[in-house]
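Novice: Sharing a model prediction with you, sequence too.
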Amino acid sequence: MLFLIYWELNEQISVGQRIAALNKLQAADLFPPQNVEIIRFDITPGQWGSTVMEAESSGAIMRHLGAWRVACPGLFVTTKVSPAMTVADSVVEMMGVLKKLE
């Protein structure tokens, strides 16, 4: 299942704190996350970004974000997570709906 995650970083958390959290997660074998494929992991100069991940369940995404929250409390100002699909797949899905409504 594909997931799209939007996140904003807390600018009060220093780069050093973020790197320390990453090192902590890597030492605990929590990053990269197990059973999750990171397809894209992008950040903007404004300290917000998006991640596209493939995972078996929302639980895997919950563990991933939760690990970051535990390793660096206050890291995120906000996160938004949603199942997603490619536009091409959504067109196929909607064609099926339209066909049934004709």
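Specialist: Great, that's in hand.
Novice: could you pull out the helices for the chain?
Specialist: Counting by DSSP state H, the chain has these helices, from start to end: 15-27, 58-71, 87-101.
Novice: Pick the most deeply packed of these.
Specialist: Across the helices of the chain, averaging neighbours per residue (mean count of other CB atoms under 10 Å) puts helix 58-71 on top, at a mean of 16. To be clear about C-beta, it is placed using only N, CA and C from the backbone, and glycine gets the same treatment.
Novice: Give me the contact list for that one.
Specialist: With contacts defined as CB atoms under 8 Å, 6 or more residues apart in numbering, helix 58-71 is touched by 1, 3, 5, 21-22, 24-25, 28, 30-31, 33, 35-36, 53, 55, 75-76, 79, 81, 83.
Novice: Output the helices of the chain as TSV; include the columns mean pLDDT and distance to residue 41.
Specialist: Formatted as TSV, those follow (pLDDT from 0 to 100; distance: least, CB to CB, whole Å):
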stretch	mean pLDDT	distance to residue 41
helix 15-27	98	12
helix 58-71	97	11
helix 87-101	96	20
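Novice: Output the ones you listed as a markdown table; include the columns distance to residue 48.
Specialist: What follows is the helices of the chain, written out as a markdown table (distance: least, CB to CB, whole Å):
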| stretch | distance to residue 48 |
| --- | --- |
| helix 15-27 | 14 |
| helix 58-71 | 15 |
| helix 87-101 | 22 |
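Novice: Out of those, which gets nearest to residue 43?
Specialist: In this view, the helices of the chain are compared for proximity to residue 43 by CB to CB, and helix 15-27 is the closest at 10.6 Å.
Novice: Could you check how far the closest one is from the centre of its chain?
Specialist: A distance of 17 Å separates the centroid of the chain from that of helix 15-27, by CA atoms, centre = their mean, to the nearest Å.
Novice: Check stretch 13-22 too.
Specialist: Between the mean C-alpha location of stretch 13-22 and the chain-wide mean there is a distance of 18 Å, by CA atoms, centre = their mean.
Novice: Please apply the same query to stretch 65-75.
Specialist: Using CA atoms, centre = their mean, we find the averaged C-alpha position of stretch 65-75 to lie 13 Å away from the chain's own average C-alpha position.
Novice: residue contacts, the closest residue to residue 4 other than its chain neighbours?
Specialist: Across the structure, with CB to CB, 6 or more residues apart in numbering as the measure, the residue nearest residue 4 apart from its sequence neighbours is residue 84 (4.1 Å). Residues in contact with residue 84 (CB under 8 Å, 6+ apart) are 2-4, 52.
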